[in-house]
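S.K.: Provided below are the primary sequence and the corresponding predicted coordinates.
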Amino acid sequence: MTTGLARPRVAPAADGAAVAVAPSGGFVADLLREVQVEPLELEAVPHAGGANKFVDNGGPVLQVTEVFLIYWGNAWTASPAPNPTSAQITSACSTMLASSYMTGLAQYRGIGRGFLRGAAVITSSNPPNGFTDSQVATFLDGQLTAGTVPGTDVDNQTLYCIVMPQGINSSNTSFIGEHTYYTRSGQQIRFAWITNSGSLSGLTTIISHEVVESATDPEGSAFLGVAGTCSQGGWCEIGDICSTTSTLDGVTVQSYWSDQAGSCVVPAWPARTYPRVGVQWTGTVPARSSRRWFTFNWPEWELVDWRMLPTTPRPGAAQLSWRVALERASGNYLTYWITVTNLTEQDVAFEGRYCVLGRI
């Protein structure tokens, strides 16, 4: 368990409070589907052996976490500026979310990398020292009502991260970060609060911890440790038994548990050579018709170009055209739907060729 990042149970808000906070954790029909083919390289990692420490309890996960940072209090606009500044934290979080850090979550129901949805500095009020989860939720709810921060995205993947000024701590000072949720108009609002020691690396360590735990267990009902995995009460999550940190693209992040590796990990990009090319499948399209193929389990973080190459030359006229449509089957995995059209009066055989150009 990482000191200060345990997940307590939190009582419902008192009578008269604005919100009650939950326990925390700290194209298709018109063309033929001809063939399905898998990529030549999958992201599966051999299991290290032994029973999994974390199991899927079936609750919701955040497939693609949309992080919205909220800096609470006029200390964020003081002169001289605080160290680190809100802009520095926002930039570091954007870098972290675009890095390889979250790619290891693919083992947990295909969760992928997140991205930074935006950030806001709110100076209309200041957080109380000794704040509670309910007070943070009431503040966030007020900002949603006022429109000073955007509402959740259409798929409810938003994680609001409220970052405190330096010197403002939780009512339980042993906690330095926590994630939980409350219900607003029948919808679960997922949020986390982050305390501030005045260190950018310290802040990004806590934020990274809360982001991966929110992705895999936003409501305390998805990926949780089996009995005996964690020593603390409340939600036992993949960051709670790891304490090491690492630097990715200049940003300090905390490790998290990988059932595949059987250890705490900070994933790095796989050692791959780019470009990678090959023939994914062969097919035939009848004269003056179209057929469609799909190929799946391609990592979202690789850029793939497709080319349909006729295997018989016929000079003087175009033989094939094709169009590529994209399905995000999960947070981490893409399916490419490729429709091939024969422009001639004869059947055309072809190779479906790919070129993986690099990471994006």
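M.R.: Structure received.
S.K.: spatially speaking, which residue is in the middle of this structure?
M.R.: residue 114 (3.2 Å; C-alpha atoms, centre = their mean).
S.K.: Can you show me the strands along the stretch 251-360 of the chain?
M.R.: Taking DSSP state E, counting those that start in this stretch, the strands of the stretch 251-360 of the chain run over residues 251-254, 256-258, 263-265, 276-285, 290-299, 302-310, 320-328, 333-342, 348-359.
S.K.: Read off the pLDDT value for the residue nearest to the centre of the chain.
M.R.: Residue 114 carries a pLDDT value of 98.
S.K.: Likewise for residue 172?
M.R.: At residue 172, the pLDDT recorded in the model is 88.
S.K.: Show me the contact partners of stretch 316-329.
M.R.: Identification of contacts with stretch 316-329 by C-beta atoms under 8 Å, 6 or more residues apart in numbering yields 27, 64, 110, 285, 294, 296-297, 300, 306, 308, 310, 334-344, 348, 350. From N, CA and C alone the C-beta is placed, and that goes for glycine too.
S.K.: For the closest residue to the residue nearest to the centre of the chain other than its chain neighbours, which residues are in contact?
M.R.: Leaving aside its sequence neighbours, residue 114 sits nearest to residue 65 (C-beta to C-beta, 6 or more residues apart in numbering; 3.4 Å). The contact partners of residue 65, taken as C-beta under 8 Å, 6+ apart, are 97, 102, 114, 115, 157, 159, 211, 214, 215.
S.K.: which parts of stretch 196-206 are buried?
M.R.: By 16 or more other C-beta atoms under 10 Å, the buried positions in stretch 196-206 come out as 196, 200, 202, 203, 204, 205, 206.
S.K.: That stretch - what's its average pLDDT?
M.R.: On average, the pLDDT along stretch 196-206 is 97.
S.K.: measure the residue of the chain positioned farthest from its centre to residue 344 for me?
M.R.: What lies farthest from the middle of the chain is residue 316; by C-alpha atoms, centre = their mean that is 48.9 Å. Applying C-beta to C-beta, to the nearest Å, the value for residue 316 to residue 344 is 11 Å.
S.K.: same deal with residue 188?
M.R.: Residue 188 is 54 Å from residue 344, by C-beta to C-beta.
S.K.: do the same with residue 108
M.R.: 48 Å.
S.K.: Same question for residue 55.
M.R.: Distance from residue 55 to residue 344, by C-beta to C-beta: 55 Å.
S.K.: Ok, residue 284 next?
M.R.: 12 Å.
S.K.: what stretches of the protein score poorly on pLDDT?
M.R.: For the chain, the stretches flagged by pLDDT under 70 are 1-50.
S.K.: Where do the domain boundaries of it fall?
M.R.: Annotated domains of the chain cover 46-265, 276-359 [automatic domain parsing].
S.K.: Buried ones from the contacts of stretch 316-329, can you make that a ChimeraX selection?
M.R.: Buried residues within those, by 16+ other C-beta under 10 Å, are selected in ChimeraX with:
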select :64,110,285,294,297,300,306,308,310,334,335,336,337,338,339,340,341,342,348,350
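S.K.: Residue 201 reaches residue 252, doesn't it?
M.R.: Yes. Counting by C-beta atoms under 8 Å, residue 201 touches residue 252, with 3.8 Å between them.
S.K.: Give me the three-state assignment for residue 58.
M.R.: With DSSP: H, G, I helix; E, B strand; the rest coil as the basis, residue 58 sits in coil.
S.K.: Kindly provide the distance from it to residue 120.
M.R.: Per C-beta to C-beta, residue 58 is found 34 Å from residue 120.
S.K.: Comparing the two, which residue is more hemmed in?
M.R.: Each of residue 58 and residue 120 has its neighbours counted (other C-beta atoms under 10 Å); residue 120 has more, 16 against 10.
S.K.: Give me the three-state assignment for the more buried one.
M.R.: Relying on three-state DSSP, one would call residue 120 strand.
S.K.: now do residue 76
M.R.: Going by three-state DSSP: residue 76 is helix.
S.K.: of all the contacts of residue 65, which two lie farthest apart?
M.R.: 115 and 214 (13.9 Å; C-beta to C-beta).
S.K.: neighbour count winner among these two?
M.R.: residue 214 (28 against 15).
S.K.: The more buried one: which element?
M.R.: helix 200-216 (DSSP states H and E).
S.K.: Show the subsequent helix or strand relative to that helix.
M.R.: Criterion used, DSSP H and E; the element after helix 200-216 is strand 223-225.
S.K.: Any chance of the contacts of residue 65 in a markdown table with distance to residue 321 as columns?
M.R.: Shown next, in a markdown table, are the contacts of residue 65 (distance: C-beta to C-beta, whole Å):
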| residue | distance to residue 321 |
| --- | --- |
| 97 | 37 |
| 102 | 37 |
| 114 | 36 |
| 115 | 33 |
| 157 | 35 |
| 159 | 42 |
| 211 | 42 |
| 214 | 44 |
| 215 | 40 |
